[in-house]
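Asks: Provided below for reference: sequence and predicted model.
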Amino acid sequence: MEMNKKVLIAGVGGFVLGVVLLGLVMFLVAPSMMIIEDVSPLSYEDTLQAIQGSAAAQDWVVPKVYDLKKSVAGDGYDVLPVSVLELCKPEHAARVLGDDDARIVTSLMPCRMAVYQTSDGTVVVSRMNSGLVSKVFGGLVTEVMAQAAAENEQILSAVLP
């Protein structure tokens, strides 16, 4: 009987340790998995224009570009160039918006990309890893978000090396 207690305690302890280690690994690795960043070979302005042109060529709409440098300048702050582009493909949006269960992801719509310049002049394109995030939802959301993520990468392939 005493041996069974030791085995049980060791098993529970091993399980708890495994959960803690998994949590630690996720804490350290998840941020780099959730956001994708690439260096653009183009200037800041040229990168913005190239993304918009590539999106239009692939039947995506760019309804808004937020110039965050300009936005915070109005409050007296001076930051390096940074913009957020909204990208929308009405076909994808309609599929999600037409399904009550899928509407849970409307706060993630439209797709967004950021272009920013670092202090050393490097231009970076950043976006959420929508393909990975889509796997959490399942069903129609996974299907549409995964397709949108793949198309967004195609849009960027015309810009990034």
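Replies: Everything's here; your move.
Asks: low pLDDT regions in the chain?
Replies: 1, 3, 7-8, 10-13, 15-32 (pLDDT under 70).
Asks: Report the central residue of it.
Replies: residue 128 (0.5 Å; CA atoms, centre = their mean).
Asks: Do I have it right that it meets residue 33?
Replies: No: with contact defined as CB atoms under 8 Å, residue 128 does not reach residue 33; the gap is 10.6 Å. Where you see a C-beta, it was placed from the backbone N, CA and C, and this is true even at glycine.
Asks: tell me, what's touching those two both at once?
Replies: Common neighbours of residue 128 and residue 33 (criterion: CB atoms under 8 Å, 6 or more residues apart in numbering): none identified.
Asks: which residues of this protein fall in strands?
Replies: For the chain, applying DSSP state E gives strands covering 35-40, 61-67, 82-88, 111-117, 123-128.
Asks: Strand partners (parallel or antiparallel) of the third one?
Replies: Meaning strand 82-88. Looking at strand 82-88 with DSSP bridges, its partner strands are strand 61-67 (antiparallel), strand 111-117 (antiparallel).
Asks: winner for burial among those?
Replies: strand 111-117 (a mean of 21; mean count of other CB atoms under 10 Å).
Asks: now what about that one, what contacts it?
Replies: 40, 44, 47-48, 51, 80-88, 123-128, 130, 148-149, 152, 156.
Asks: rerun that using 6 Å as the cut-off
Replies: 44, 47-48, 80-87, 123-127, 148, 152 (CB atoms under 6 Å, 6 or more residues apart in numbering).
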